Structure formats: structure tokens, C-alpha cells
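Undergrad: for reference, the sequence and a predicted model appear below.
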Amino acid sequence: MGSASVGDKYVLCVGPNPALQRTLWFSSLSLGEVNRALRKRVSGGGKGTNVARILGQLGYPAKLLTFVGGTIGEEFVRTVRREGIEVKPVQTEAGTRVCLTLIEEDESRQTELVEEAEGVCEDDVRRFLRVYSELLERCSFVVISGTSPAGVPEDFYGELTCRARKRGVPVIVDAPGQLLRHALPYRPLLAKPNRKELAALFPGLGFEEQVLRLRELGAQNVLITDGGNAARLLAGDAHFRLVPPVVQPVNPIGSGDAVAAGIALALLEGKDIVEAVRFGIACGTANTLTELAGHVDPTVVDRFLPLVEVETVDESVPGQGARPSET
């Protein structure tokens, strides 16, 4: 991938809730005891950061738009730039958070310790929107990922989606709860919650009803991921199951972000939505085999792509050629 003619275009990766990610490796962990790490790695964390990094690894230029603050925010910016991520930081008084990933090698188990972000103010949000509008002028695609810090209004992702749509820029929204719901009336190209986020958004409804509800509220296409299980895609009026290859994961954190990055890239390269999601699922699977969250090896992606199975749920609908209803 990455062969599209891009000129000076880029994917704008919006992740307002970044983290400085510290990954520690242990043989095993014992609660209530002193645990000494075998080794460590510091990297940029947060869903938007992962999407931007993975797009770069796949050969497509990306820019990360995010809030940063304090000395940890400064370290975050230095870290992601060393990783090759082009970042546009919006400075705040709120300090950037630190999150920990604890990997137990003997147990093949990962534990994520997530620090909640400090709140931002109204002026921070206004400046973020101003920078976002400037960056929209040259971007080819927008991917909005993850949660937002306190102080960001519930309709924030709706405003971001609205501004992109007015400029004709397609949008993927990979976010939970009301952040996603407020974006739906502005018809994002793809709504991409995971199964737990979907259930929390529409409690009391069955799974099929939940998927259709996202479409009714405005999403052009809907993708529901479920870890290493089959994903469900509603594209046009067609329903598909996409089954990833079975692997022994090393670190599955960031796989959903790899899916989003892969879909954006494949769509930009002219793939239809079903094939784009197939490629995204291959990226997500490849991510599970890397030690660090939000990393893929393009050669592994290419190896997994033919192994992603596509099944038509409604046999009356053709299984190929479904395309986004609009951009």
C-alpha cells in the first residue's frame, strides 16, 4: 500500500486525549509485591497517535492534531517526533497524562493502566477548532479517534465532522458514547465503535438493532469490531462478517487504531469499502504481533490480507462491490 498519488495531501488524525505511553516488560506480575521490570520503552500513546504512526508505517503521510500540556506534554511531542510522527500540538494548562502497559511474558498477558486526562478550558477548545479548520485545507481524509479530556463538549466530534463534511473531506469516527452519537447527524463515512462501546451506547437493544441504529442516526457505513472475533460491516444495505486470521497475540493494544488507519489508506487508494475493511482487519491483526501498541509491519499486513474472510450476512445482497454511499 501507500502507492496513491498524494502530492502534499495527508490524513489528519484527530486524537484530543494523548498519553505518554510507558511499556514495561516482566516475566510475571504479583499484586501487592515489588515487581522489577526486565526492560521498558517510552512511546507516544493515545488512539490518534497510533493511527498517525501506523499510516506512516504504511507509507501515507499523516498529521496528528492533539492537546498537550506541561512537562509531560513536552516529552510527548519530542517522543512522537522521534518516532517520525508529524504533530500539531495545541498547548493547554492541563498536563498530558501518562499511561502504562504491563506485559507479562510468561503469561502472554497485557495489563493497561490508564490515567485520566486533566480538563481543558473553552479557550483551548476554540484554538483546537481553529487549528483543525486550517489543517482541513490540505488533508485528504480525517480520522477522529478515542475519548476526549474533560472540558470538551459532547458535540465536539460532531463539530469536527461537520466542518470536514462541508469541505468534502471523508471522516471516520472511532469513538465511544455521546462523542460518536453527536457526530452521526453529519454523516461520517464510517462509524467504527467496538462491540462494548456499541452496547453501552444503545443499552436494551439487540446487536442487530444497535448496528442499524447507527445507520438510522446518520452513519453512511458502520463497522463494529470485536477484538479477535469477527467484525460486522454494514455497507450500503449489505451486511458482512469479516473474520480475521487466528494468531497468538503479543500485544493487541492499538489494533482498533490499526484497523482505522488501514481503512483510510485503502479507501484513498481506491478500494471499495469491503476491501478497505479487509485491509484494515489485516492491519489490526498485524498490530497484535508487535510488542508496542500501534505498530504494524507492512509485510505482515500483506501476508494476512488474503487470510481475512468476508462473509455476506444477507445472502440476497451481493458480497462484492459495495461502495460508500457518498464522500
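TA: That came through, no problem.
Undergrad: now the strands for the stretch 101-250 of the chain?
TA: Remark: strands assigned in the stretch 101-250 of the chain by DSSP state E, counting those that start in this stretch are 109-113, 139-145, 171-174, 190-191, 221-224, 231-235, 238-243.
Undergrad: low pLDDT regions in the stretch 51-200 of the chain?
TA: Segments of the stretch 51-200 of the chain classed as low confidence (criterion: pLDDT under 70) are not present in this model.
Undergrad: need the pLDDT of the nearest residue to Arg41 once chain neighbours are set aside.
TA: Taking CB to CB, 6 or more residues apart in numbering as the measure, Arg41 lies nearest to Thr23, with 4.7 Å between them; neighbours along the chain are not counted. All C-beta atoms are positioned from the backbone trio N, CA, C, and that covers glycine. pLDDT, Thr23: 92.
Undergrad: list the contacts for Thr23?
TA: If a contact means CB atoms under 8 Å, 6 or more residues apart in numbering, then Thr23 has Lys40, Arg41, Val42, Ser43, Leu100, Thr101, Ile103, Glu291, Leu292, Ala293 as its contacts.
Undergrad: of the residues you listed, which is the most crowded?
TA: Taking other CB atoms under 10 Å to define a neighbour, the member of these with the most is Ala293, carrying 28 neighbours.
Undergrad: hmm, Leu292 is touching Val250, no?
TA: No: using CB atoms under 8 Å, Leu292 is not in contact with Val250; the gap is 9.5 Å.
Undergrad: which ones are touching the residue lying closest to Asp124 once chain neighbours are set aside?
TA: The shortest distance from Asp124 to any residue that is not its chain neighbour, by CB to CB, 6+ apart, is 4.6 Å, and that residue is Thr92. Listed by CB under 8 Å, 6+ apart, the contact partners of Thr92 are Phe67, Val68, Gly69, Gly73, Val120, Cys121, Asp124.
Undergrad: which one of these is nearest to Ser140?
TA: Phe67 (23.4 Å; CB to CB).
Undergrad: packing partners for the strand or helix carrying that closest one?
TA: In this assignment (DSSP states H and E), Phe67 forms part of strand 62-68. Helices and strands touching strand 62-68, by 3 or more CB pairs under 8 Å, 6 or more residues apart in numbering; DSSP states H and E, are strand 10-14, helix 47-57, helix 70-82, strand 86-91, helix 122-136.
Undergrad: so which of these comes closest to Phe240?
TA: helix 47-57 (22.7 Å).
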